[in-house]
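> Need coordinates for the below:
(chains A and B)
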Amino acid sequence: MTHGAALVAGLLALSLAGLAPAETGRGAPAAESWREFRGTWSASGRRQTVATEGGAQAAIVEISGAVVLASGEGLSRGFRGEAIGFDDGLGLSFGRAVWTDENGDRIFSRLKGEPPQTGRTIVGTITGGTGRYADLEGEYSFTWQYVVAAEDGGIQGRAVHLGGRVRKAGAAR
Amino acid sequence: MTAASANRRVLVARSGVLVLAVGLWLSPVPEGLVPAAWHLFALFVAAIVSVVIGAFPILTSSVLALAAAVLSGTLAPAKAYSGFANGTILLIVVAFLVARAVVKCGLGERLGHLVVSVFGRSTLGLGYSVFLVDGVIAPAFPSNTARSGVLYPLVLSVAEAAGARPGVENRRRLGSFLMFSGMASLTVSSALWFTAMAGNPLGAEIARGYGLDIGFGSWFVASSIPTLAAMALVPFVLYKVLSPEVRATPEAPHAARRALAELGPLRAPEKIVAATFVGMVGLWATASALGLDSTAVAFLGLGVLLATGVLTLGDVAKEGDVLATFIWFAVLFTLSGQLNELGFMGYLGERLAAALGGLSSAVAGVVLVVAYVLLHYLFVSQTAHLLALFGVFLDVGVKLGVPVALLAFLLLFATNFFSANTPQGSSANLLFAGSGYLSQGELYRLGALTTGVNLVLYLVVGIPWLVLVTR
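Sure, this is the predicted structure:
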């Protein structure tokens, strides 16, 4: 390793070390308290639109379907995933989602990102839950593998690269 | 079989269905499914099984399942009754009535004699004529349900011209053969052309995400050999299995030509129906391009026939079978759609596909196609099946190393040829299924047979051909 490279590596290490206390300072948990998960979300639903200036369309999207997890300690292997979102037609999309497992326990989340179209990504922030998911917090994201319009205004999509992390909010306190 | 033993058999079948429904309902909900999805699955399976084993007619089992779903709180009433407002289902109802007008005015008899005069030397020839006509008109009809509305009056007319009517025992199997040929024909004509079924372009859109560009030409090249093989073999298989009472009719074309001559020129009601029908066909064929709703076109045609008096309110009142078909199909359509909305279909597809990990790409590809076809027993719409499972199965197959073009085409062809596996497997089946020529048992038996033959053909003939043309 050259002196220059060693210097860069050292600075990088210092920067990372400097970031760590800052995260801890914001109340972030120890690394082991986060549990990662990944899976897919297949959903169908409806999209209602209204015209906006400039030819764009604002839309309300309501979907539901199966969230199937390939991994995720402490989580069910799958959920019924329901979401309602609003897209203002100018790039702003947000919504709410709820995942319900076989016992009726729920995980709530806030959605933000791009309109539901093929290749677009949505980010979710887990805001709580019920039953075994009470006090859950975390984050996830997914990308629409496809979103196609079916008959009668219906839409169907499949989200892949669904992944994120969760923890009990109390675990870090 | 004596009446007593028949009653005992029905009682046993009904008890079995009840045990199945209650057993599934009370068994633990699989991890990852909400209870409503599992309970609805129990009701749906019980309804289908009850028809297959002869416990109840399809109307009875459907309405019982619907009532149980709503009264148990599994489905909200608004969701449960949504199928009754579905445009495709309404299209079927109206097409039934228009077909009745074709027969009533005498135009059907004329059409029947015309077809028999050309193809009527043998019953098998009549079967092939159904496939031929359908195959030729199919690319102009993106809605195979609308196309069934064109094909059905023709098949009905041919059946009647050949002396086959529901309840006429010495021509019963002949009528069954022609009617099921109509159903089977729609499955393969839809697979032959990119534009012959609404779901085909949707599937192509999903496949585009994998870099596969499917258009009219590439679809036809890929589908041509396996589909033409199916068009050649399926009528023959149906002919052998159903064994129509009348087989060789060398004198029929001559007799048909003589009958046509006796009918003379078109009468006024026939002209009205012919003009209306041609207008409907034209509007259906151009509905996508003109932004027209196919169901509204059917209503327009029915309105013209009623306004001109060709069809009367009395005629409509006699069509009680239409109401029965409307109810049972709307119910099953809703139950299947709600299974999807509750996450059951996606869950099943993802879990099943994930279980294939570790298989070789060749085995995985075949298993995926076979599983995709078998799962159609749970669906009441080809497009709904495609949208729920095509992307999942394609994704898993590609990850396991199955060539994307090969798997995509096989799954897309399957989306068409599996539609006859049950009478409710596609709205395009309903006119033929409700014709009175086919019993429920025959519909399920012949549906399984036709789908099985097509599956083997598309695998055995289709795979080498697809490997060749998609290289």
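
> Next, count neighbours for whichever residue of chain A sits closest to chain B.
Proximity of chain A to chain B (Cβ to the nearest Cβ) peaks at residue A:78, 2.3 Å away. Where you see a C-beta, it was placed from the backbone N, CA and C, and this is true even at glycine. Close neighbours of residue A:78, defined as other Cβ atoms under 10 Å in any protein chain shown, add up to 26.

> cool, and residue B:118?
Under the neighbour criterion other Cβ under 10 Å, residue B:118 is assigned a count of 14.

> Next: residue B:155.
32.

> okay, it: pLDDT?
Model confidence at residue B:155, given as pLDDT, is 90.

> looking at this, it is in a helix?
Yes - counting by DSSP: H, G, I helix; E, B strand; the rest coil, residue B:155 is found in a helix.

> for it, what are its contacts?
B:130, B:178, B:179, B:181, B:182, B:432 (Cβ atoms under 8 Å, 6 or more residues apart in numbering or on different chains).

> rewinding a little: contacting residues around the residue of chain A closest to chain B?
Contacts here follow Cβ under 8 Å, 6+ apart; on that basis residue A:78 touches A:39, A:66-69, A:101, B:31-33, B:343, B:347, B:350-351.

> Would you mind listing which of these are buried?
For the contacts of residue A:78, a burial check counting by 16 or more other Cβ atoms under 10 Å in any protein chain shown picks out A:39, A:66, A:67, A:68, A:69, A:101, B:32, B:33, B:343, B:347, B:350, B:351.

> helices and strands around the helix or strand hosting the fifth one, which ones?
Just to be clear, that refers to residue A:69. Using DSSP states H and E, residue A:69 falls within strand A:57-72. Applying 3 or more Cβ pairs under 8 Å, 6 or more residues apart in numbering or on different chains; DSSP states H and E, one finds that strand A:57-72 contacts strand A:35-51, strand A:78-87, strand A:154-168, helix B:320-341, helix B:344-354.

> Let's test this: mean pLDDT of the shortest one, rounded?
Mean pLDDT, computed over strand A:78-87, is 94.

> so after that strand, what's the next helix or strand?
By DSSP H and E, the next helix or strand past strand A:78-87 is strand A:93-100.

> Now render the helices and strands packed on strand A:57-72 as TSV, adding distance to residue B:73.
Converted to TSV, the helices and strands packed on strand A:57-72 look like this (distance: least, Cβ to Cβ, whole Å):
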stretch	distance to residue B:73
strand A:35-51	22
strand A:78-87	15
strand A:154-168	25
helix B:320-341	13
helix B:344-354	17
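
> sorry, back to before: closest to residue B:218 out of the contacts of residue A:78?
residue B:350 (29.0 Å; Cβ to Cβ).

> interface residues of chain A facing chain B?
Neighbours of chain B within chain A, by Cβ under 8 Å from any Cβ of the partner chain: A:40, A:42-45, A:64-70, A:76-81, A:100-102, A:104, A:118-119, A:145-146, A:148, A:150-152, A:156, A:158, A:160.

> among the residues you listed, which ones are buried?
Neighbour-count burial (16+ other Cβ under 10 Å) applied to those gives A:40, A:42-45, A:64-69, A:76-81, A:100-102, A:118, A:145-146, A:148, A:150-151, A:156, A:158, A:160.

> Closest one of the buried ones among the contacts of residue A:78 to residue B:396?
Taking Cβ to Cβ as the measure, residue B:350 is the one of the buried ones among the contacts of residue A:78 closest to residue B:396, at 8.4 Å.

> How about the secondary structure of residue B:437?
Using three-state DSSP, the structure places residue B:437 in coil.

> quick one: it from residue B:242, how far?
Residue B:437 sits 11 Å away from residue B:242, going by Cβ to Cβ, to the nearest Å.

> Compare these two (neighbour count), which wins?
More neighbours surround residue B:437 than the other of residue B:437 and residue B:242, with 27 against 22 (other Cβ under 10 Å).

> pretty sure the more buried one is touching residue B:162, no?
No - Residue B:437 is beyond contact range of residue B:162, at 11.6 Å (criterion: Cβ atoms under 8 Å).

> and for the two, which residues touch both?
B:175, B:178.

> contact partners of the helix or strand of chain B with the lowest mean pLDDT?
Taking mean pLDDT, DSSP states H and E as the measure, the helix or strand of chain B with the lowest value is helix B:287-290, at a mean of 82. Contacts made with helix B:287-290 from outside it, assessed by Cβ under 8 Å, 6+ apart, are listed as B:142, B:143, B:146, B:283, B:293, B:294, B:297.

> The third one sits in which helix or strand?
Here residue B:146 sits within helix B:144-161, counting by DSSP H and E.

> and if you look at the last one?
Using DSSP H and E, residue B:297 maps to helix B:294-307.

> Now that helix: average pLDDT?
If you average the pLDDT over helix B:294-307, you get 94.

> got the CA positions of the helix or strand just after that helix in CSV?
Following helix B:294-307 in sequence order, the next helix or strand is helix B:313-318 (DSSP H and E). This file holds the C-alpha atoms of helix B:313-318, laid out as CSV (Å, rounded to 0.1, in the frame of the first residue of the first chain):
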residue,chain,number,x,y,z
LEU,B,313,-89.4,-9.3,-24.7
GLY,B,314,-91.1,-12.7,-24.8
ASP,B,315,-88.0,-14.2,-26.5
VAL,B,316,-85.8,-12.6,-23.8
ALA,B,317,-88.1,-14.0,-21.0
LYS,B,318,-87.6,-17.5,-22.3
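
> Give me the helices and strands touching helix B:313-318, please.
Here helix B:313-318 touches helix B:87-104, going by 3+ Cβ pairs under 8 Å, 6+ apart.

> can you tell me if the helix it packs on touches chain A.
Yes - contact of helix B:87-104 with chain A (Cβ under 8 Å from any Cβ) involves B:87, B:88.
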